[in-house]
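**Q** this one's structure only:
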């Protein structure tokens, strides 16, 4: 009886995730998949997606690593508030994030960088939603470091950069890889903030998720083919991370 | 623990069931083109879903239940039913910021390098009408974005992110209230025709009334 009480909801949960994915694969037009995936719209969208998701990851790494350092090492009184702030893009509906970016960095924004409707804007939208994933992973990684190694290196005469490069970074590598993959995947899948802030223009700001959304309204087979590509990418990510989750 | 688990799954099943049949069964559900969002009468017992015509049709194809469908072109409504009628028409106009600060007087002005233009995607009726008008005027525009319904494009003008878009002359929507319409001369203009279909018997009276309702709202007769 107890087994059923746990097993049935668990099985429903598995079905909730697996059934829609199976349906997607069942409806995918496999015979014309190649055609759809190599169409000019798909290739442009793939290129923009790679460009903006890796761009967003680069922004996250450059800004997120120092931020994670501050969160992990600082004892300043405001650090809890800071951490809460960093989490906001994770729980905020992305379309709200996109509107916020528009009013911050758009043409009439508080800081009129005119990034709206540009590829750079799509990068920024991705970085906005992906940053928390990287920062959280890195902060956890930094907290697990044993400070005695750094202290020992300092005693032996290593400077701050040398300590970071040879002691901290190698120990941080697993967290860095996991955080990067999560942040990149989040940026790759970004939709709401992108369409709101960067718009939808093939070859400029139309990423794969946007192309899927547009195609769903007019060319379902193309939408299914592109969806399968994104699903494949997601599965590949999980396989790449298998050491972390699958074999626990 | 066991009881709590069972209660929880029961609650979940009930929540899903309630959501599935939620939303006032007595209401008439009208799926209508986004450009009609302020032209159609708000009345008790009528629920509207406004979106680009191509999106409404895609939703109905996927099983969304509507009593009435109103689209901004024939190509989209044909995907759902063969039994439809033309209910209104209008022409196109250029929508610009109030006061027309960039002095946009004609379609040719949209090609200017200092003019930020958003258009609608060619899968959206207004996107195709706009492309037809631009082709007639022999103008090539590099849009900043291809929006998925006319409201989204108008909104970009309303908040100042774009200087201009092409919209329906008669559809005085919430966003156009904050924008100004610049007429397009007949030789470059195209006629946009609205079509409606009753997808259930309950929808028939609504569709029959539509031509008169839209005429009163400033639309041309079909």
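**A** Happy to help now that I have it. Keep in mind that what you see is a predicted model, and the values were worked out from it rather than measured.

**Q** C-alpha from now on. contacts and neighbour counts both.
**A** Noted.

**Q** quick one: mean pLDDT for stretch A:209-226?
**A** Average pLDDT, stretch A:209-226: 92.

**Q** got the buried residues for that stretch?
**A** A:209-218, A:220-226 (16 or more other Cα atoms under 10 Å in any protein chain shown).

**Q** centre-most residue in chain A?
**A** residue A:186 (2.2 Å; Cα atoms, centre = their mean).

**Q** make that chain B, sorry
**A** Centroid-nearest residue in chain B, with Cα atoms, centre = their mean: residue B:34, separated by 2.2 Å.

**Q** how near is it to residue A:28?
**A** 30 Å (Cα to Cα, to the nearest Å).

**Q** over to residue B:96?
**A** Distance of residue B:96 to residue A:28, given as Cα to Cα: 42 Å.

**Q** give me the more crowded residue out of those two.
**A** residue B:96 (29 against 20; other Cα atoms under 10 Å in any protein chain shown).

**Q** so the more buried one makes contact with residue B:180?
**A** Yes - using Cα atoms under 8 Å, residue B:96 makes contact with residue B:180 at a distance of 5.1 Å.

**Q** who touches both of those two?
**A** When contacts are counted by Cα atoms under 8 Å, 6 or more residues apart in numbering or on different chains, the set common to residue B:96 and residue B:180 is empty.

**Q** burial count for residue 146?
**A** Since you didn't name a chain, this refers to chain A. By other Cα under 10 Å, 11 other residues sit near residue A:146.

**Q** you answered for a different chain; I wanted chain B.
**A** Neighbourhood size, residue B:146 [other Cα under 10 Å]: 25.

**Q** quick one: contacts of the host helix or strand of it?
**A** Per DSSP states H and E, residue B:146 falls inside strand B:145-147. Here strand B:145-147 makes contact (Cα under 8 Å, 6+ apart) with A:117, A:199, A:200, A:201, B:117, B:118, B:119, B:120, B:121, B:153.

**Q** distance of the first one relative to chain B?
**A** The reference is to residue A:117. As judged by Cα to the nearest Cα, to the nearest Å, residue A:117 and chain B stand 6 Å apart.

**Q** and that residue, which of the three is it?
**A** At residue A:117 the chain is in coil, as set by DSSP: H, G, I helix; E, B strand; the rest coil.

**Q** the nearest residue in space to it that is not next to it in sequence and residue B:74: what is the separation?
**A** Nearest residue to residue A:117, sequence neighbours excluded (Cα to Cα, 6 or more residues apart in numbering or on different chains): residue A:198, at 4.0 Å. Plainly put, residue A:198 is 31 Å away from residue B:74 if you go by Cα to Cα.

**Q** of those two, which one has the most company?
**A** Comparing residue A:198 with residue B:74 by other Cα under 10 Å, the one with more neighbours is residue A:198, at 29 against 19.

**Q** wait, that one sits on residue A:118?
**A** Yes - counting by Cα under 8 Å, a contact exists between residue A:198 and residue A:118, whose distance comes to 5.8 Å.

**Q** overlap in contacts of those two?
**A** With Cα under 8 Å, 6+ apart, residue A:198 and residue A:118 have common neighbours residue A:205.

**Q** and the pLDDT for the nearest residue to residue B:46 once chain neighbours are set aside?
**A** Leaving aside its sequence neighbours, residue B:46 sits nearest to residue B:28 (Cα to Cα, 6+ apart; 4.7 Å). Here the pLDDT value assigned to residue B:28 is 95.

**Q** and residue B:28, what does it touch?
**A** B:45, B:46, B:47, B:66, B:67, B:68, B:202, B:203.

**Q** any idea how far it is from residue B:43?
**A** Per Cα to Cα, residue B:28 is found 10 Å from residue B:43.

**Q** now residue A:237
**A** Taking Cα to Cα, one finds residue A:237 at 50 Å from residue B:43.

**Q** between those two, who's got more neighbours?
**A** Shown here are residue A:237 and residue B:43; by other Cα under 10 Å, residue A:237 has more neighbours (15 against 8).

**Q** for that one, report the pLDDT, please.
**A** 81.

**Q** mind telling me what element it is part of?
**A** Using DSSP H and E, residue A:237 falls in helix A:220-240.

**Q** which elements pack onto that helix?
**A** With contacts defined as 3 or more Cα pairs under 8 Å, 6 or more residues apart in numbering or on different chains; DSSP states H and E, helix A:220-240 has these neighbours: helix A:2-27, helix A:33-37, helix A:169-189, helix A:208-216.

**Q** measure how far it is from the centre of its chain, please.
**A** Centroid separation between helix A:220-240 and its chain, computed with Cα atoms, centre = their mean, to the nearest Å, is 15 Å.

**Q** show me where chain B has strands.
**A** B:28-33, B:46-51, B:68-71, B:85-90, B:92-96, B:118-120, B:145-147, B:164-168, B:180-183, B:192-198 (DSSP state E).

**Q** export those as a markdown table, with columns for distance to residue A:107.
**A** Listed next are the strands of chain B as a markdown table, based on distance: least, Cα to Cα, whole Å:
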| stretch | distance to residue A:107 |
| --- | --- |
| strand B:28-33 | 29 |
| strand B:46-51 | 26 |
| strand B:68-71 | 33 |
| strand B:85-90 | 32 |
| strand B:92-96 | 15 |
| strand B:118-120 | 14 |
| strand B:145-147 | 14 |
| strand B:164-168 | 14 |
| strand B:180-183 | 19 |
| strand B:192-198 | 32 |
